[in-house]
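> Sharing a model that was predicted from the sequence below.
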Amino acid sequence: MGTRRDYARGVFCWVGLTTSDTDAAKAFYEALFAWKYDERDAGDGRTYTMAMANGNVVAGLMDLVDDGPPRWQSYIAVESADDTVNTAKAAGATIVIAPTDVGTAGRAAVLQDPSDAFVSIWEAGERPGAELVNEPGTLCWNDLMTHDVPKAVDFYREVFGWEMDAVEGAPGNRQSIRVGKTLNGGIAEIPEQMSSQMPPHWLACFAVDDVAAKRTAAPQQGGRIVTDVMELPTGRFAVVVDPQGAAFGIIDGDMDP
């Protein structure tokens with residue numbers, strides 16, 4: 001729990017929002033999570049917004065620079081972005097954005113895994129990742145929803161060294177992800193009734209004090225509710241969408257990633 005400044009290889013270390021209206025998104029997340037913001041020069045006349053919780057950098061926001069939809073992007077810590085991209089390509093991934101220096105902060109790349117979900121990788125420079133996790137308003141979990149759990153398991157095990165375990169009694173062939181002793185997220189099958197309308201994706205989830213209250217608050221701030229509150233062994237969970245269309249999860253249990 002609490003402040004995290006260093007991340008082992010394979011641990012989710014950062015989450016970034018690319019959106020069609022950064023100012024409106026900032027207002028939404030400030031109301032929902034009490035985030036404050038620090039604007040940084042991203043070059044070429046663009047701005048990268050650092051979201052702050054309790055004085056700690058916890059996420060990033062930036063205007064869309066492509067034709068894709070607004071979305072939260074999950075980042076996995078790696079020792080070498082270049083080596084990881086080579087390994088991922090050999091394991092069947094498509095390289096969407098080749099390793100690129102992000103100033104002195106680090107080096108990033110974007111992959112599309114063999115099950116068609118997009119994921120980002122981060123080689124730390126001056127910034128290892130989020131300064132705070134597992135606290136209200138900060139990243140606490142990442143879930144891959146896919147049409148092919150075995151293919152995804154094989155890929156992520158090979159590329160990131162994840163340990164996978166089937167979650168007994170859970171639907172969708174759910175697998176838990178561990179890096180060493182650290183619970184790092186999950187992988188599950190997209191329900192058949194949603195298979196035609198839900199593409200494979202990584203869902204970033206944020207800790208909150210009360211899922212039911214935050215789920216109710218999201219539409220009041222212009223967002224949209226996607227799921228009912230679901231009871232998990234570790235707490236309660238729901239999915240909502242921000243006003244620009246980016247989906248994310250909220251959890252009020254101890255997920256301990």
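Structure received.
> could you pull out the helices for this structure?
22-33, 81-90, 149-160, 211-220 (DSSP state H).
> Nearest to residue 129, out of those?
Nearest to residue 129 among those is helix 81-90; the distance by Cβ to Cβ comes to 13.6 Å. C-beta coordinates here come from the backbone N, C-alpha and C atoms, glycine included.
> For the closest one, name the packing helices and strands.
Applying 3 or more Cβ pairs under 8 Å, 6 or more residues apart in numbering; DSSP states H and E, we find helix 81-90 packed against strand 94-102, strand 106-112, strand 118-124, helix 149-160.
> Same list, those, but as TSV with distance to residue 232 please.
What follows is these, written out as TSV (distance: least, Cβ to Cβ, whole Å):
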stretch	distance to residue 232
strand 94-102	31
strand 106-112	28
strand 118-124	23
helix 149-160	18
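> can you put those in TSV and add distance to residue 33, mean neighbour count and mean pLDDT?
Converted to TSV, the helices and strands packed on helix 81-90 look like this (distance: least, Cβ to Cβ, whole Å; neighbours: other Cβ atoms under 10 Å; pLDDT from 0 to 100):
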stretch	distance to residue 33	mean neighbour count	mean pLDDT
strand 94-102	24	14	96
strand 106-112	24	20	97
strand 118-124	21	22	97
helix 149-160	28	19	96
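> So residue 245 versus residue 206, what's the distance?
Separation of residue 245 from residue 206 (Cβ to Cβ, to the nearest Å): 17 Å.
> Can you give me the domain assignment for this protein?
Domain assignment of the chain by automatic domain parsing yields the ranges 2-124, 136-251.
> Work out the gap between the shortest one and the centre of the chain.
Just to be clear, that refers to domain 136-251. 9 Å (Cα atoms, centre = their mean, to the nearest Å).
> Can you list the low-confidence ranges for this protein?
1-5, 171-172, 195-196, 233, 254-257 (pLDDT under 70).
> Brilliant, that's me finished.
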